[in-house]
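> Got a sequence here, can you build the structure:
(3 chains)
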Amino acid sequence: MLQEFFTPSVQHALDLAGIFVFAISGALLAVRKNFDVFGIAVLAEVTALGGGLFRDLVIGAVPPAAFTDLGYFVMPLVATVLVFFLHPVVERTQAAVNVFDAAGLGLFCVAGTTKAYEYGLGLTFSAVLGLATGVGGGVLRDVLANEVPSLLRWDRDLYAVPAIVGATMVALCIRFEMLNPFTSALAAVTTFLLRLLAMRYHWRAPRAWNRRSTAREEEQLPGKATA
Amino acid sequence: MLQEFFTPSVQHALDLAGIFVFAISGALLAVRKNFDVFGIAVLAEVTALGGGLFRDLVIGAVPPAAFTDLGYFVMPLVATVLVFFLHPVVERTQAAVNVFDAAGLGLFCVAGTTKAYEYGLGLTFSAVLGLATGVGGGVLRDVLANEVPSLLRWDRDLYAVPAIVGATMVALCIRFEMLNPFTSALAAVTTFLLRLLAMRYHWRAPRAWNRRSTAREEEQLPGKATA
Amino acid sequence: MLQEFFTPSVQHALDLAGIFVFAISGALLAVRKNFDVFGIAVLAEVTALGGGLFRDLVIGAVPPAAFTDLGYFVMPLVATVLVFFLHPVVERTQAAVNVFDAAGLGLFCVAGTTKAYEYGLGLTFSAVLGLATGVGGGVLRDVLANEVPSLLRWDRDLYAVPAIVGATMVALCIRFEMLNPFTSALAAVTTFLLRLLAMRYHWRAPRAWNRRSTAREEEQLPGKATA
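Residues are numbered from 1 along each chain as shown, chains lettered A, B, ... in the order given. This is a model prediction of the structure:
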């Protein structure tokens, strides 16, 4: 029932939009890493579908949505073709891509939390899986590209916090039986706006306290590789 | 029924052969990366069984074949022992290893596509999972060895295309009800030969169009690490 | 029945202790890699719960224990807070952390092997999954931190062997119907002590035989990156 808050066609269109923008971010990284066209397609698919695939394996929804809906599979290929031919243009519109990525994050967190709850998980774990749905694809993208996941790095603008806020809002709405299309949309929009603000004002999360001592230690060991 | 196209014992022998050659490629990379004997064994097991394990988790075939068939587990250990003692010999026969790896790729793509279809996936997704079965182990091998997956790199001979062709052939045969031992073997042999040709003539897939502009950009940023 | 060897509350307390010490090791690596506070939390959760999550997906125990027990989720967050504020102190007590990590390894191997057997796996595969439960979290930790998994490296003290011994002891006890709280504890303690001895005397596993020839080859190729 929960999934009928939006009409199925609206929900599906939103899913496809989220998948598309995540796929763009994967394809762009692949171009920067000098991958060939198949590498670009693989990274686009993994970035777009990885988070939802992880969620579906955890809740036992097999075969996962990524392997039953043709649209989910085709969208990243469209993104691949687009980036393959137009990547200088797409990169110049990186700001636009970031806005869409923020929108995708909001949609995935809300949809992931809702689906996890429908499959019987507790509220906390539903929110955790919603968060994982939102950020999981990006982590897999970076692991495949052999880079430190940008989610984990301190020198990137806040990404986890907007997702946590959105997923938590959905969990709280479920708890107080207030989940409806309006509150779902509110949670997605909040995630979206928080992420935009984080990028606009370069909000960052703190590193470990008293970090300076370790930094000094590293200066004395210049050969040591750091992330 | 589909799986009875080959007699079970023939199919099983082919599976074991594919597992063995993939395990050799994992063990050789482990030696090159200076891993200890347990690292070699882990990389051999992951390379040989990773693709099938992913397929089985996605289609809900738990416990996966990798955890129910002792032969599947033992073959990579045999490969480990062989490479451990004879790796200079094995490396000198790298050409032979590549031929066997191509054979393994063909067998895995065909078997993977067939099994996915038996578990109820659509034709497109069966082919995708067949492809993932064939190439997944190698990707996991490279991720564990902390290298950019050779599947994704533009400077490696075509690996994805032969696998895609083989998996697609199987899917088309299923579609037109023509799947039988002969057409299965034909798909595997086609994959095998295409991969051999790709290695012989160094076929490569294109990188993103208009790539030169980005390359120039990188020259201006010599400190930037690229794959 | 097997899981009632320890009273549930004792078993649960042991699980939480193992999760906590693994989380500490993940959080410490995150601090060393300069991750922000969310990166520290993610790495703590993955290190602590990754091995068990993999086991549960393989045996089809969904949703996995990691997503049903709040304590499992909260312990890594406690470890995150501790390391965030006190990491210089925690690092100075690295020796103590290593002792606890060894204890966690013992507990996870025994619990993992037992649970896999309860879900119908054969004895060999139960031991393999017990091993994977013990070492899997650490491998995922290193992959996410973009490092070569310390499990695979030849220049680290033995980690796999104690785990293999412990998991094998449990499998043998099951085989000869001798598994009880006493023999379970014996297997865990054996793993624990073997790991302590490996660290104390820097036991290492051999690399591939006749390795020197390859080493020389690498000297001639100074540009080649090695692990």
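
> Mind listing what's buried along stretch A:81-93?
Buried residues in stretch A:81-93, counted by 16 or more other C-beta atoms under 10 Å in any protein chain shown: A:82-84, A:87-88, A:90-91. Just so you know, the C-beta spots here come from the backbone N, C-alpha and C atoms, and that holds for glycine as well.

> now do stretch A:155-162
By neighbour count on 16+ other C-beta under 10 Å, the buried set for stretch A:155-162 is A:156-162.

> Which of those residues fall in strands?
Of the buried residues of stretch A:155-162, none are assigned to strands by DSSP state E.

> Reformat those as CSV; add distance to C:L77 and pLDDT.
Listed next are the buried residues of stretch A:155-162 as CSV, based on distance: C-beta to C-beta, whole Å; pLDDT from 0 to 100:
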residue, distance to C:L77, pLDDT
A:R156, 21, 87
A:D157, 23, 88
A:L158, 18, 89
A:Y159, 19, 91
A:A160, 13, 91
A:V161, 15, 92
A:P162, 19, 94
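
> near chain C, from these?
A:160-161 (C-beta under 8 Å from any C-beta of the partner chain).

> List just the nearest of the buried residues of stretch A:155-162 to C:V10.
Of all the buried residues of stretch A:155-162, C:V10 sits closest to A:A160, with 35.3 Å by C-beta to C-beta.

> How about the residues of chain A by chain B?
So far as C-beta under 8 Å from any C-beta goes, chain A lies against chain B at A:30-40, A:42-43, A:53, A:57, A:60, A:62-64, A:67-68, A:70, A:73, A:83-85, A:87-88, A:143-146.

> Quick check on those: which are buried?
Members of these classed as buried by 16+ other C-beta under 10 Å are A:30-40, A:42-43, A:53, A:57, A:60, A:62-64, A:67-68, A:73, A:83-84, A:87-88, A:143-146.

> Which of these fall within helices?
Counting by DSSP state H, the part of these found in helices is A:30-32, A:37-40, A:42-43, A:53, A:57, A:73, A:83-84, A:87-88, A:143-144.

> so which of the residues you listed are also by chain C?
Answer for these near chain C (C-beta under 8 Å from any C-beta): A:57, A:143.

> can you tell me which residues contact A:R195?
Each residue near A:R195 by C-beta atoms under 8 Å, 6 or more residues apart in numbering or on different chains is listed here: A:102, A:105-106, A:158-159, A:162.

> any idea how far A:G104 is from it?
10 Å (C-beta to C-beta, to the nearest Å).

> what touches both of the two?
Counting by C-beta under 8 Å, 6+ apart, nothing touches both A:R195 and A:G104.

> pLDDT value on A:S9, please?
pLDDT for A:S9: 76.

> Now do it: how many residues are near it, please.
Taking other C-beta atoms under 10 Å in any protein chain shown as the criterion, the count of residues near A:S9 is 8.

> go on, the one 4 residues further on?
As a burial measure, the neighbour count of A:A13 was computed by other C-beta under 10 Å and equals 13.

> for A:Y117, same thing?
Using other C-beta under 10 Å: A:Y117 sits among 23 other residues.

> again with the one 3 residues further on
One way to gauge burial is a neighbour count; for A:G120, by other C-beta under 10 Å, it gives 13.

> my guess is it is in a strand, correct?
No: counting by DSSP: H, G, I helix; E, B strand; the rest coil, A:G120 falls outside a strand, being coil.

> Let me know whether it touches C:F67 as I believe.
No: if you go by C-beta atoms under 8 Å, A:G120 and C:F67 don't touch, sitting 10.2 Å apart.

> separation between the nearest residue to A:V83 once chain neighbours are set aside and chain C?
The spatially closest residue to A:V83, leaving aside those adjacent along the chain, is A:A27, at 3.8 Å (C-beta to C-beta, 6 or more residues apart in numbering or on different chains). Using C-beta to the nearest C-beta, to the nearest Å, A:A27 is found at 21 Å from chain C.
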